[in-house]
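Enquirer: sequence unknown, structure follows:
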């Protein structure tokens, strides 16, 4: 596994981080922020300054209109690097976080389905409950039916 040094801006300072390359992608893990608002930069700041991680844990954040335009897909940790969002699955997964706490907008859901379709094509994944997973039992929350999301992704492929 190759490691690379990455320089990024955080709160006006250059931060240098050492991150490892992901060697494969077998699943995409869906999270929710458990916050009413947020953006990729807000979560990056928290993950780096509070959690002391190298970067934001998620590869993507989908905003709800409170921290970014509703349904906007914001880029977090570069996809080539192992995330910090799902212990035991980080090495082979992409992490997507929906901003919200169990309730998501239709624009967020549409953006998620559209982007999942692209990622499944890119990584040659068949959309199933094994390849598109929730982080755990309560995440991404009751406001998102992953079975319905997977069915919609299948239709778009």
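Expert: That came through fine. As the structure is a prediction and not an experimental result, all values here were calculated from the model.

Enquirer: State the pLDDT value of the residue most central in space within the chain.
Expert: The chain has residue 96 as the residue nearest its centroid, 1.8 Å off, counting by C-alpha atoms, centre = their mean. You'll see residue 96 listed with a pLDDT of 98.

Enquirer: Find me the pLDDT at the nearest residue to residue 100 once chain neighbours are set aside, would you?
Expert: Once flanking residues are discounted, residue 100 sits nearest to residue 64: 5.2 Å by C-beta to C-beta, 6 or more residues apart in numbering. No exception for glycine: its C-beta is placed from N, CA and C like everyone else's. pLDDT, residue 64: 97.

Enquirer: Can you give me the separation between residue 64 and residue 101?
Expert: 10 Å (C-beta to C-beta, to the nearest Å).

Enquirer: just for the chain, where's the confidence low?
Expert: 1-17 (pLDDT under 70).

Enquirer: Let me see the ranges of the strands in it.
Expert: Assigned by DSSP state E, the chain shows strands spanning 3-10, 13-20, 27-32, 60-62, 73-75, 93-98, 132-134.

Enquirer: Next, the buried residues of the last one.
Expert: By neighbour count on 16 or more other C-beta atoms under 10 Å, the buried set for strand 132-134 is 132, 133, 134.

Enquirer: Mind naming the longest helix for this protein?
Expert: Longest helix in the chain by number of residues (criterion: DSSP state H): helix 106-122.

Enquirer: Next, the buried residues of that helix.
Expert: Neighbour-count burial for helix 106-122 [16+ other C-beta under 10 Å]: 107, 108, 109, 111, 112, 113, 115, 116, 117, 119, 120.
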